[in-house]
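In: Got a predicted structure here, sequence first:
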Amino acid sequence: MDALLLQMMASLHRIETRLDAIEQCQMRLESALHPPDPPVEPQAVSNMIALAQPSSIAETPQDKPQVVSSNMSSDLQLPCTATAAVIAETPAATSVADSSPTVARNDATNTFPVSLIVPVFSRVSPEFSVRHRRISRAFNNALSSSEFAQANISRHCTRKSGSCWKRADSFDELWFHVWPESFQLAYADLVLGDTARIDNMLCSGSIPGAIGRMRNLKRIHWADCFLSGAIPDTIGQLTNLVSLNIGENQLTGIIPGSIANLSNLTFLHLGGNPSLDPAPIPDSFSFLKRLKQLYLYNSNRVGSLPEWLSAFDDLEHLELAQNQLTGVVTSDLAAAFSRLGKLTLDADKFTLQRDWT
């Protein structure tokens, strides 16, 4: 069985190499057909096309599959390279023609047992395994499944020890940038499940929706981390969260109403995200009765000050400046604001209610 897997690996390695050659050929042809100034001479275009064409692929002694002893360990570790893959070489495979940049389809990809895709490809590092979804529709379906994600992540990724997550490794970066949802969910469950704090981790990318699976989280500090994209609605599933700081980023979209579920929050910082959709201060915040510090400055807030702000008995620090908030400060709000340790408002945009002294 292990010998067969290595034979499959060698064959699909060649298939992936041919796919890469096609992509490079297309890029060079595009560059030749749409050159920058000065224009490329016709002869130069012809030369570039000729260089872009992949050469004929002839099996060499180095290409031939290695015969592996049948007593090899059943836990064979396959190469973790960007072109590592598994498929049997068959006589039906067609070589690349010298005069054409296209590659004939290898019929072996259609006959490879779907039931073997998950157990075989789970041996390939998650850094590369997802790439092989492009081989065929069957491979795409199998390698995007939650079953494969669980098998692949559990084999190669170690559950993070300790409760504080401070430094992003290569797998963490994939969680933010590359992996499909099935991998994000599996990684959150199998690797990040014990994490209680995320502190000052430079990550960039967008916040994965799978963060809602990290139910032990009590603190998220992702301020000034180059985060972009929308705040996922699943953040409302982190009901143990006490502190949420995702200020000073490039977040977009709406502030999800699910934040109302974070009833244990004492610190909420969404300020410094001017690309958020223009909207009033969310009424969902009225359920966060334990808030002590609320930062919404420069977050594209519009409209008037909500009256429920006066009911926040524990609030000590409120920053609402650099927004388009206007209107009347009622007597109840004024009384509540007078108890704050710090308040920032664009004072010239408000008027005080007349009966307030």
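Out: That came through fine. Here the structure is a predicted model, which means the values were calculated and not measured.

In: Quick one: mean pLDDT over stretch 298-307.
Out: When pLDDT is averaged over stretch 298-307, the result is 96.

In: start to end distance for that stretch?
Out: 20 Å (Cα to Cα, to the nearest Å).

In: per-residue pLDDT, the nearest residue to W308 once chain neighbours are set aside?
Out: Distance criterion Cβ to Cβ, 6 or more residues apart in numbering; nearest residue to W308, sequence neighbours excluded, is S286 at 4.1 Å. Heads up, the C-betas are built off the backbone N, CA and C, glycines and all. For S286, the model assigns a pLDDT of 96.

In: S310 is in contact with S286, correct?
Out: No. Here S286 lies out of contact with S310, judged by Cβ atoms under 8 Å, at a distance of 10.7 Å.

In: Between the two, point out the one with more neighbours.
Out: The neighbour count for S286 versus S310, taken as other Cβ atoms under 10 Å, is higher for S310 (18 against 15).

In: Settle this for me: that one is touching L333, isn't it.
Out: Yes. Using Cβ under 8 Å, S310 makes contact with L333 at a distance of 5.0 Å.

In: where does the stretch 1-150 of the chain dip in pLDDT?
Out: 1-23, 25-27, 29-30, 32-111 (pLDDT under 70).

In: mind listing what S243 touches?
Out: K218, R219, I220, H221, L265, T266, F267 (Cβ atoms under 8 Å, 6 or more residues apart in numbering).

In: Just the buried residues of the residues you listed.
Out: R219, I220, H221, L265, T266, F267 (16 or more other Cβ atoms under 10 Å).

In: ok so the second one is a strand residue?
Out: Yes. Following the definition DSSP: H, G, I helix; E, B strand; the rest coil, I220 is counted among the residues of a strand.

In: doesn't N245 make contact with it?
Out: Yes. If you go by Cβ under 8 Å, I220 and N245 touch, sitting 6.6 Å apart.

In: So which residues of the stretch 51-200 of the chain form strands?
Out: Along the stretch 51-200 of the chain, the stretches classed as strands by DSSP state E, counting those that start in this stretch are 164-165, 197-199.

In: returning to what we had before: can you tell me which residues contact the residue nearest to W308?
Out: Counting by Cβ under 8 Å, 6+ apart, S286 has contacts A260, P306, W308, A311.

In: and if you look at Q322?
Out: Y297, N298, D346.

In: sec struct for it, please.
Out: Going by three-state DSSP: Q322 is coil.

In: How much space separates it from Q24?
Out: Distance, Q322 to Q24, using Cβ to Cβ, to the nearest Å: 48 Å.

In: Same question for P256.
Out: Distance of P256 to Q24, computed by Cβ to Cβ: 42 Å.

In: Which residue comes closest to S122 once chain neighbours are left out?
Out: A151 is the one closest to S122 (Cβ to Cβ, 6+ apart), at 4.0 Å.
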